[in-house]
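1. test case, fold it:
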Amino acid sequence: MNTGPSPHPGDPGALSGTDTTRPGPLGRLGAWAATHFRLVVLVWAVVVIGLGAFAPQVNAALSGAGWQADGSESVTVRDIAQKHFGGNASPALQVVVAADRPVTDPSVQKVIDRATAVLEDDDRIDTVIPPRPGATISADGRTAVVLGGAGADTNDMVEVADDLKKPLNDLSGDGVTVNATGSSVLWSDFNIANHDAMIRSEVLSWPVTLAIMVLAFGSLVAAGLPLLLTLAGLVASAGTLVLLTELTPISIWAMNFALMFALALGIDYALFLVMRFRGARARAHTVVQAVTETMDTAGKAVLLSGVTMLVSLSAVMLVPSPAFRSVTGGIMLAVLFVLAATLTLLPAVLGRLGRRVDAVALPWARVGEHRSPRFAAWGERLWRRPVLYGAAALAVLAALAVPVIGLRTAMPSIIVLPEDASARVAYGLVQDAFGPGAPGALQIVTPTGQAAAVAAEVKDTQGIAGVLPAQQAADGSGWSLIQAVPDVDPSDPALGATVNRLRAELPDDALVGGAAVDNLDLQRLLTDKTPLVIGVVLVLGLVLLLVALQAPLIAALGVLTSLLSTGAAFGAGRLIFQEGHGADLLGFTSQGFLDGWAPVFFFAMIFAIAMDYTVFLLSSAKEHYERSGDPHEALVGSLAHSGRVIFAAAAVMVAVFFTFALSGPLPPKEMGIILGIAVLLDALLVRLVLLPVLLRLTGHAAWWSPAWLRRVLPDVRFSHD
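-> Coordinates of the predicted model:
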């Protein structure tokens, strides 16, 4: 025992007192970081500066495509068409020239020639096919399409679209309009619109986020700590993504989501640790002891929360689609770097700041207070009347979750693009000139020997409006290409039925693809993989909670309540985006479905965030139960110590997510509103009402564990004696 005079526990220089506790690995890590401030900061400076040197290249290095089902029939068709038919595949550029006079007019022909020259001057364009009567010149003779074959992979073709859209559009004038369309242009416009929308939303969210952080932390210095973690995590993950592009293409969406998660987690983790540090500092003899206790308790919860989030997100990797995997990888990188900074850099900074963490405090803030009287009083109220509050929360969640039964999904239609986007303008011109199904022309590749028979069968298939003559590959490969125009818009569900009929009735070696079929195959893949991903996320989440809590009943209840809040968020999403309730207020046109990636991608993200809060609440409850053996203290103490953190962190996340509702394009609106509703419901109704009520109703049983399970699981404790 230290019998000499103790330094002030908040004194930054009090780093050498004797600690009589036996800290665990994280406590020892925190103590080491607190006593090696310069080394920790130096290592992080090297990491951030080294990887940050590559970060400015991130937007140029990341790709815009990859939304495909690897191994699908449509991808096979695309590869064959690109290789053997001059790039006349789904990534090809379609340049639509529309005039107020016949395209054979010399002035219009001059524009067509210039558009052809723009395509031919780019070495990433393969064969350029001029307009052909009866095929790519409309019946009224006023619209023509120049095809620029794809001479590069899908990611590079999106960059081609980025580069050529404006030069082509600049050819417009004197009654002639020139616009590019096709899947590459669509993804180019889509990525740009969504990227711009996300940047606008993030700019709008920053003032709100900063205000909430200052209120939550109570001091300007403490409020700056999440920014430290966010900056370190974001810069490091951005640089790493650039380096990884040398190995594999990575979607630009990876960076967008990484930014969002780095900010959200930086705030979450810093809140939890700083609040705990303040309480520990009031009891500990030295700052090192305070940091050690913080890391042994809150640090352990943060580590388990981060691992749970990583595991939940990793399940999306089961979907064999490059875009999904790279976006998930980007988020996981951000989580890893923020988690690493939280467990090393933050304790080092807290050790150096000591009581100065509360510098520049708000006049009314109780910065030294770790146990919240308001949330303790709320816990007492729940203890006295659990059935009333639990039933009310359950009723709201169940009512919102019921509509999820009728949820429909599909890949986004053209209406998600701004009305002036090149792909959307040209899309409309093609439909007006060639029919509603023309933008979604199907491509059928077949051995040349049966091409005539296949073409005839395609022509007689229900849902096909017209068939172009078979085109034989000039390289002697033995393939022929048949293009068929469906009679419905590419986003119409009837197109899927037409494709299914063709695949069922045509010979096995006749393959059906095209840009619209790329989307259908991806949607089919997502539908098939959704149950697997959800199942893996739930099982792994249960296992991690079992390891953390050592109690099967409360671990299962934690997973089930997270599933309930997730279902409620999707139910609300169906009412808003599928049924169109509130569409006028939010400024969008309902597609009649949710975007196809929502069930898999949003589920993993929502569940990961929900489990984040679950770990914070239940780890605190377990700590209080370990100390007291009293279910009442476990409930009230957990809310008193973590309720404020959950409430503040959720407020920041909701503010960030809901700003996406102000974005122009529909996909960011879907993401922001569904995720925002999920966090709101999970924090207010599940973590602060339903789960504490379940702790009350289950009592000691919540923490019971069979002897065989205790022998199997590692001994994880959150109390710091």
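2. quick check: buried residues in the strand or helix carrying P531?
-> Assigned by DSSP states H and E, P531 falls within helix 515-549. Of the residues in helix 515-549, 515-526, 529-530, 533-534, 536-538, 540-542, 544-549 count as buried by neighbour count, 16 or more other CB atoms under 10 Å. Glycine gets a C-beta too; all of them are placed from N, C-alpha and C.
3. show me the contacts for Q472.
-> By CB atoms under 8 Å, 6 or more residues apart in numbering, the residues touching Q472 are T448, A451, W479, S480.
4. I'd assumed V458 was in contact with the last one.
-> No - with contact defined as CB atoms under 8 Å, S480 does not reach V458; the gap is 11.9 Å.
5. picking that back up, quick check: mean pLDDT of the helix holding P531?
-> Helix 515-549 shows an average pLDDT of 91 in the prediction.
6. contacting residues around V146?
-> Neighbouring residues of V146 by CB under 8 Å, 6+ apart: Q94, V95, V97, I112, A115, T116, L119, V128, I129, P130, P131, T136.
7. what helix or strand is the spatially most central residue of the chain on?
-> The centroid of the chain falls nearest to F257 when counting by CA atoms, centre = their mean (5.2 Å). Secondary structure assigned from DSSP H and E places F257 in helix 253-283.
8. please name every helix or strand in contact with that helix.
-> Here helix 253-283 touches helix 183-217, helix 220-244, helix 287-294, helix 300-314, helix 322-353, helix 603-628, helix 631-658, going by 3 or more CB pairs under 8 Å, 6 or more residues apart in numbering; DSSP states H and E.
9. those: lowest mean pLDDT?
-> For the helices and strands packed on helix 253-283, the weakest mean pLDDT is recorded on helix 183-217, namely a mean of 80.
10. which regions of the chain sit below the pLDDT cut-off?
-> 1-21, 65, 360-370, 663-664, 718-721 (pLDDT under 70).
11. gap between L51 and W44?
-> According to CB to CB, to the nearest Å, L51 stands 11 Å off from W44.
12. mind listing the strands for the stretch 51-200 of the chain?
-> Using DSSP state E, counting those that start in this stretch, the strands of the stretch 51-200 of the chain run over 93-99, 125-129, 143-150, 176-181.
13. nearest to V40, out of those strands?
-> strand 143-150 (49.4 Å; CB to CB).
14. now do the nearest residue to F324 once chain neighbours are set aside: how many residues are near it, please.
-> Nearest non-adjacent residue to F324, counting by CB to CB, 6 or more residues apart in numbering: V316, 5.7 Å away. When neighbours are defined as other CB atoms under 10 Å, V316 has 25 of them.
15. contacting residues around V316?
-> Contacts of V316 by CB under 8 Å, 6+ apart are F324, R325, T328, V533, V600, F601, A604.
16. repeat the analysis, applying 7 Å as the threshold.
-> F324, T328, V533, V600, F601, A604 (CB atoms under 7 Å, 6 or more residues apart in numbering).
17. report the buried members of those.
-> Among these, the ones that count as buried by 16+ other CB under 10 Å are F324, T328, V533, V600, F601, A604.
18. ok, back up a step: return the residues in contact with the residue nearest to the centre of the chain.
-> Contacts of F257 (CB under 7 Å, 6+ apart): V327, G330, I331.
19. same list (the strands of the stretch 51-200 of the chain) but as JSON lines, adding distance to A661.
-> Converted to JSON lines, the strands of the stretch 51-200 of the chain look like this (distance: least, CB to CB, whole Å):
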{"stretch": "strand 93-99", "distance to A661": "33"}
{"stretch": "strand 125-129", "distance to A661": "39"}
{"stretch": "strand 143-150", "distance to A661": "36"}
{"stretch": "strand 176-181", "distance to A661": "29"}
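20. of all those, which one is nearest D715?
-> Nearest to D715, of all the strands of the stretch 51-200 of the chain, is strand 143-150, at 58.1 Å by CB to CB.
21. buried sites along that closest one?
-> Across strand 143-150, burial judged by 16+ other CB under 10 Å covers T143, A144, V145, V146, L147, G148, G149, A150.
22. before we move on, what about stretch 459-469?
-> Result for stretch 459-469 [16+ other CB under 10 Å]: buried residues T461, G463, I464, A465, G466, V467, L468.
23. from those, which ones fall inside strands?
-> I464, A465, G466, V467 (DSSP state E).
24. surely D682 and T566 touch.
-> No - applying CB atoms under 7 Å as the test, D682 and T566 come out as separate, 8.0 Å apart.
25. shared neighbours, the two?
-> Common neighbours of D682 and T566 (CB under 7 Å, 6+ apart) are A610.
26. the stretch 401-550 of the chain: helices as residue ranges?
-> Taking DSSP state H, counting those that start in this stretch as the criterion, the stretch 401-550 of the chain carries its helices at 422-434, 451-459, 493-505, 515-549.
27. okay if I get those as CSV plus distance to V178?
-> Output for the helices of the stretch 401-550 of the chain, formatted as CSV (distance: least, CB to CB, whole Å):
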stretch, distance to V178
helix 422-434, 9
helix 451-459, 31
helix 493-505, 28
helix 515-549, 20
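28. ok, residues contacting stretch 459-469?
-> 135, 435, 437, 455, 458, 482-488, 494, 497-498, 501-502, 505.
29. can you give the distance of stretch 268-283 from its chain's centre?
-> 29 Å (CA atoms, centre = their mean, to the nearest Å).
30. now swap in stretch 647-662 and tell me
-> 15 Å.
31. E633 touches H624, doesn't it?
-> Yes - here E633 lies in contact with H624, judged by CB under 7 Å, at a distance of 5.0 Å.
32. the two: who's more crowded?
-> Comparing E633 with H624 by other CB under 10 Å, the one with more neighbours is H624, at 23 against 16.
33. now for the more buried one: which residues touch it?
-> By CB under 7 Å, 6+ apart, the neighbours of H624 are E633, A634, G637, S638.
34. perfect, that will be all.
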